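Novice: whatever this is, show me its structure:
(one chain, ligands or ions: 3)
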Amino acid sequence: MIDQINAILPQTQCRQCGFQGCRPYAEAIATGVADINQCPPGGDEGISELARLLNLNPKPLNPVFGQHKPKSVAFIIEQDCIGCVKCIVACPVDAIVGAAKFMHTVIASECTGCELCIAPCPVDCIIMKPLPVQQSYDAVQKYAITRHAKSRYDARCLRKEKEALEKVERAKQKRAELLKSLHKT
Ligand code: SF4
Ligand code: SF4
Ligand code: SF4
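Specialist: Ligands and ions are numbered 1, 2, ... in the order given. Below is the predicted model:
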């Protein structure tokens, strides 16, 4: 059931629902901790799909969690960027490229519009721009878009896990080398 609920959610991982991402919200719905009307990016359509799946009556979005908005993507005002990398760290789908002390830019086609990069930017040089054409998608296209966002998010989570393990391994090796050098002296 959690997987079925998660498959309906937009996979922007924006946390507007009050949970740390789409899957935690899906878990909360499945266990009765959260209501079905807490996801602004999912739109009324998403709430209706959840209601159908769970055999409930649809209801309007709870405004406490935000509002439905037109689809937007992040845009970096490049001349103001100081290359602090904070936006890259915040982006759940690796849609920002750049390097420390160099200008950053958003890969617009990969940006889900989650807005998570905006708050961490110390110089406020990230803005959201609504897409010039608000396309509507059929169920198959929508599913493909959310799967793509999810696969990028999953890949990022895996990479982060790997990096954390490598860090622990490096610390262990350093400790072992230090102990070895202490034994020699
Ligand atoms: S897309 Fe919806 S379910 Fe996913 S984190 Fe955002 S508000 Fe929560
Ligand atoms: S670039 Fe910003 S708005 Fe776009 S997906 Fe990444 S964090 Fe979200
Ligand atoms: S957070 Fe802002 S200043 Fe820092 S790299 Fe990103 S866009 Fe540039």
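
Novice: when you work out contacts or count neighbours from here on, use the C-alpha atoms and nothing else.
Specialist: Noted.

Novice: so which residues on this protein come close to ligand 2?
Specialist: Contacts of the chain with ligand 2, taken as C-alpha under 6 Å from any ligand atom, map to 73-74, 90-91, 93, 95-96, 106, 111-117.

Novice: mind redoing it with 8 Å?
Specialist: Taking C-alpha under 8 Å from any ligand atom as the criterion, the chain approaches ligand 2 at residues 12, 14, 73-75, 87-88, 90-96, 106-108, 110-118, 128.

Novice: so which of those residues are in helices?
Specialist: Counting by DSSP state H, the residues of the chain next to ligand 2 place Cys87, Ile88, Ala90 in helices.

Novice: circling back to that earlier point, mark which of the residues of the chain next to ligand 2 are buried, thanks.
Specialist: Among the residues of the chain next to ligand 2, those classed as buried by 16 or more other C-alpha atoms under 10 Å are 12, 14, 73-75, 87-88, 90-96, 106, 110-118.

Novice: show me what the longest helix seen in the chain is packed against.
Specialist: Criterion DSSP H: the longest helix present in the chain is helix 139-184. Where contact means 3 or more C-alpha pairs under 8 Å, 6 or more residues apart in numbering; DSSP states H and E, helix 139-184 is not packed against any helix or strand.

Novice: neighbours of Ala30, just the number please.
Specialist: Around Ala30 sit 19 other residues, with neighbours defined as other C-alpha atoms under 10 Å.

Novice: I'd assumed Ile2 was in contact with it.
Specialist: Yes: the pair Ala30 and Ile2 passes the contact test of C-alpha atoms under 8 Å, sitting 5.9 Å apart.

Novice: all strands of the chain, in order?
Specialist: Chain-ordered strands for the chain, with DSSP state E as the definition, fall at 72-76, 96-97, 105-106, 126-130.

Novice: okay if I get the ones you listed as CSV plus mean pLDDT?
Specialist: CSV is the format used below for those (pLDDT from 0 to 100):
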stretch, mean pLDDT
strand 72-76, 96
strand 96-97, 96
strand 105-106, 96
strand 126-130, 95
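
Novice: which one, of these, ends up nearest to Gly46?
Specialist: strand 72-76 (17.9 Å; C-alpha to C-alpha).

Novice: returning to that earlier point: just confirm yes or no for the longest helix of the chain near ligand 1.
Specialist: No: in terms of C-alpha under 8 Å from any ligand atom, no part of helix 139-184 sits within range of ligand 1; the closest distance is 9.7 Å.
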